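>>> pasting the sequence and the predicted model now:
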Amino acid sequence: MRRRLIPLALPLAFAGVVLAGCAVTAQPAGTAQSAITSSVETIGDVDATIPAAAAELLAANADGTVVRDDEWSLADAATVTLEGSTATSDSAGVNVDGSTVTITAAGVYRLTGTLEGQVVVEAPDDAQVVLVLDGAEIENVSGSAIQVVTADDVAVDLAAGSTNTVTATSSADADASAAIYADSDLTVSGSGSLTVTDSGNDGISATDDLAIIGGTITVDAADDALRGKDSLVVEDGTLTLTAGGDALKSDQEEDAAQGYVWIAGGTIDATAGDDGIDAWTDALVTGGTVSLATDDDGIHSETSLAIAGGEVTISRSYEAIESADIRIAGGVTRLTSSDDGVNASGNATSDGGMGGGGMQDSGETLTISGGTLVVDAGGDGLDSNGTIEMTGGEVTVYGPTAQNNGALDSNGGITVTGGTLVAIGSTGMAESPEESSAQGWLAATASGSAGSTVQIQDADGTVIAQYTATKTFGSVVFSSSAITDGQSYTVTVDGTSTSVTAGVATAGGMGGGMGGRR
């Protein structure tokens, strides 16, 4: 009765029917697990509206698993009454030994009451087990509170109107290192609420796929809040995450098609001592509302990172987003960082040239094709050890103020063929687009401070664009369809005007790559 996500490998002619990577095979109620039908539904917002930049990555990802609520019925549930240090149930699939409740068979189990102990799922390898938490409080001070030892697919469903808590002190070197730990695929669903606390390690963790498709979920974990080793997908739900390590993580290192994090919907508010989102392969946002405050990267991936929808706000980070291949194709993204705002670096397939701190193009890519991106950076605003290419969208970069960084910084050059780009920052490492860029651009040495009004006017005095600076600056770079190379323009800051010729770099500035420090 499970529904497996399947990667898309279809000709483009079918893209309008089912697009972008992952779908689930629907099965009629009451059929056996081996039943196969031809009907298909999607997980998350996987349809023709997802830009190709993200769809391509989704198509390359391996299967993931999700248990939908139409695959089981609460009417079939066996009730497990938690009674302090023990529990009772009439089900033959439930074994109670002191404060340990063990589920031994496939089925639906409704858990209610309070338990100072552990709920264990030790069912057959092909079993689907649904744990419905309906006013359940489970606490284990010496390990996981809910542990899946064996099963195929497991769902933790939060009953409508219910409030549930799961508390544990798990150890990193234990067999189960999270308050809710599954050595299987795990889905969290429903419309109730769940508070998970683990003072020793992770909050919710699965060794296979972890899917969050509903619920109001609060996690406070000593290490990672949510971890799906093979994949982590958030489709819906309201998530409040506090993590000493990463807030959302997937770290399968042995399969290039796994180890991905996909935010397709829901609302996420996360605070992390390490990364907000950390993916071994791909990190993708195609929907939902994501708010991150982190001590390291806001979103980090080792391979590719795509934002193609939804709303992403990174209010605090060292580097806001980092990957070897970064694609901004949709949505609204606001980034605040103490160092680089967007950093395309770490290309493992390249010899790296002069290394991470060098000036040689090492193959990384930052492509912007749509959406709105606003960057407030203490270091480089847009930074690539390779190239930066913009074909659409709206990009605004504020900062940096330090002279050894630039609002725009690349090793392989910047090309702009569409969209609107403004970069307001320091003069020390100021870089402008390549002269070969198809769209016009201008660069000006013009200074101001936080609150200054920056206006860009054409030769007739018509205001093309206007911005309010958020910090001290000395350089302005602007590109839009309204700019024609070779024509004269005026950049005015608080009434002080500077005349420039479009397509000409500022004196001492950079007209191409070789941007500077990484």
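On my side now, so go ahead.
>>> every contact and neighbour count from this point should use C-alpha atoms.
Fine.
>>> the stretch 351-500 of the chain: helices as residue ranges?
Counting by DSSP state H, counting those that start in this stretch, the stretch 351-500 of the chain has no helices at all.
>>> give me the beta-bridge partners of D376?
T336, Y398 (DSSP bridges).
>>> low-confidence ranges in the stretch 251-400 of the chain?
348-358 (pLDDT under 70).
>>> can you check the stretch 401-518 of the chain too?
In the stretch 401-518 of the chain (pLDDT under 70), the answer is 507-518.
>>> for it, which segments are assigned as strands?
408-410, 414-416, 420-425, 441-444, 453-457, 463-468, 475-479, 488-493, 496-501 (DSSP state E, counting those that start in this stretch).
>>> single out the most deeply packed of the ones you listed.
Of the strands of the stretch 401-518 of the chain, the one with the most neighbours on average (mean count of other CA atoms under 10 Å) is strand 408-410, at a mean of 33.
>>> check which helices and strands it is in contact with.
Using 3 or more CA pairs under 8 Å, 6 or more residues apart in numbering; DSSP states H and E, the elements in contact with strand 408-410 are strand 382-384.
>>> other residues contacting the strand it packs on?
Contacts with strand 382-384, where a contact means CA atoms under 8 Å, 6 or more residues apart in numbering, come from 340-345, 364-366, 397, 407-412, 518.
>>> quick one, phi psi at S362?
phi -110, psi 10 (degrees, to the nearest 10).
>>> wait, it sits on N385?
Yes: between S362 and N385 there is a contact under CA atoms under 8 Å: 5.9 Å.
>>> between the two, tell me which one has more neighbours.
Per other CA atoms under 10 Å, whichever of S362 and N385 has more neighbours is N385, with 36 against 26.
>>> and the nearest residue to that one once chain neighbours are set aside, how far is that from A344?
Leaving out its chain neighbours, the residue that sits closest to N385 by CA to CA, 6 or more residues apart in numbering is N411, at 5.1 Å. Noted for N411: a distance of 10 Å to A344, by CA to CA, to the nearest Å.
>>> host element of A55?
A55 belongs to helix 52-60 when assigned by DSSP states H and E.
>>> could I get the buried residue list for that helix?
Going by neighbour count (16 or more other CA atoms under 10 Å), the buried part of helix 52-60 is 53-60.
>>> show me where pLDDT drops low in the stretch 1-150 of the chain?
If you take pLDDT under 70 as the line, the stretch 1-150 of the chain has these spans: 1-48.
>>> got CSV for the strands of the stretch 401-518 of the chain, with distance to Y181 too?
Converted to CSV, the strands of the stretch 401-518 of the chain look like this (distance: least, CA to CA, whole Å):
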stretch, distance to Y181
strand 408-410, 43
strand 414-416, 46
strand 420-425, 46
strand 441-444, 53
strand 453-457, 53
strand 463-468, 49
strand 475-479, 50
strand 488-493, 57
strand 496-501, 61
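>>> so which of the ones you listed is nearest I213?
Closest to I213 of these, according to CA to CA: strand 420-425, at 35.8 Å.
>>> the closest one to strand 463-468, inter-axis angle?
Angle, strand 420-425 to strand 463-468, by axes from the mean of the first three to the mean of the last three CA atoms, to 10 degrees: 40 degrees.
>>> re earlier: which neighbours do N411 and A344 share?
384-386.
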